[in-house]
Structure formats: C-alpha cells, structure tokens
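Colleague: Next comes the sequence, and after it the predicted model I'd like to discuss.
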Amino acid sequence: MSQPSDPGSALVGTWELSALHFEFADSGERQEVFGPAPRGRLIVTRAGDFMTVITSADRARMRDAARLFETMMAYAGKYRLEGDKIVVRCDLGWHPDWVGTEQVRFFALHGEKLSIRSGKQTHPRYPDRLAYGVIDWTREN
C-alpha cells in the first residue's frame, strides 16, 4: 500500500499496538510499564477523531479496581497536526485530569509502522524521573 504524501491522510486508519515503553531522559533506560505484551488499538479518522485504548495483557486475572486503573490508558478527542506533532484535544479520558487538556505527541511514519512519542513527563510509578512514553503501532489490514 503506498503512503499518501499528506501525513494526516497517512495517519488515518486503525492501528494495533506493537510495543510500549517508558524511556528515562537521564539514562535512556527503558521500562515496560504495561508488561512485555501490552494490548492496544488506535483509531484515527479522516473527520479528525483520535481514540486509543492500551492495557496490560494480564488484566483478566485482576480484581482490584486500583490495579485495573493502573494497567490501562485510554483517551479520545479531536486532533490536529502541527508538523511532526499530533495534538489531541482530550474530551474523554481514563484519567479525569486529562479531560479538557491538549495531549501533544510527536509521530513518525515508516510505511505501515507508526511511532508516537510523548514529551518529557513523569509517570505515577516514577514521580521523580522525567521520561518519554514511546508507543509503536502497526497498521491493521
């Protein structure tokens, strides 16, 4: 499948999660915050909708609500592109603090592969260290 020259058009579609990790800014060390085999889906529409759900693969055995919350991430909203940035105006999120915010991510397309990287941020498990969230996707056929 050939890629359109417009990156917005190239992003449109359904994507399956292939990898997710948190990369520490000070050392480059990587942590798999959702384990070695997380699951996820990203949907980007031509109408400007963005929706993603990511979970740890081992959630089926969990019964604790707090642990379930810690092992997922989901948000949705309208998006716009600014160069290599995708900016999502979050109107729905698994974490209420995200609702009403703009989530800025950097993206790179390589054929049927999409890599999305956050800016420097902290993670609840590592509140004293800055890192990047790095999420890799493969286009679904």
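Modeller: That came through fine. Since this is a predicted model, take the numbers as computed values, not measurements.
Colleague: isn't there a helix covering residue 53?
Modeller: No. The assignment for residue 53 is strand, going by DSSP: H, G, I helix; E, B strand; the rest coil, so no helix is present there.
Colleague: what pairs with it across the strands?
Modeller: Residue 53 has these beta-bridge partners by DSSP bridges: residue 41, residue 74.
Colleague: What are the boundaries of the helices in this protein?
Modeller: Assigned by DSSP state H, the helices in the chain fall at 7-11, 65-70.
Colleague: what comes into contact with the longest one?
Modeller: Same thing as helix 65-70. Residues outside helix 65-70 that contact it (CB atoms under 8 Å, 6 or more residues apart in numbering): 59, 62, 94, 124. Heads up, the C-betas are built off the backbone N, CA and C, glycines and all.
Colleague: Show me which of those are buried.
Modeller: When the contacts of helix 65-70 are checked for burial by 16 or more other CB atoms under 10 Å, the buried set is empty.
Colleague: Pipe those residues into JSON lines and attach distance to residue 35 per row.
Modeller: As requested, those are exported to JSON lines (distance: CB to CB, whole Å):
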{"residue": "59", "distance to residue 35": "10"}
{"residue": "62", "distance to residue 35": "12"}
{"residue": "94", "distance to residue 35": "17"}
{"residue": "124", "distance to residue 35": "16"}
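Colleague: Can you tell me which of those residues is nearest residue 114?
Modeller: residue 94 (21.0 Å; CB to CB).
Colleague: Surely that closest one and residue 55 touch.
Modeller: No. The pair residue 94 / residue 55 is not scored as a contact, 9.9 Å apart, by CB atoms under 8 Å.
Colleague: Identify the contacts common to the two.
Modeller: Here residue 94 and residue 55 share the contacting residues 72, 73, scored by CB under 8 Å, 6+ apart.
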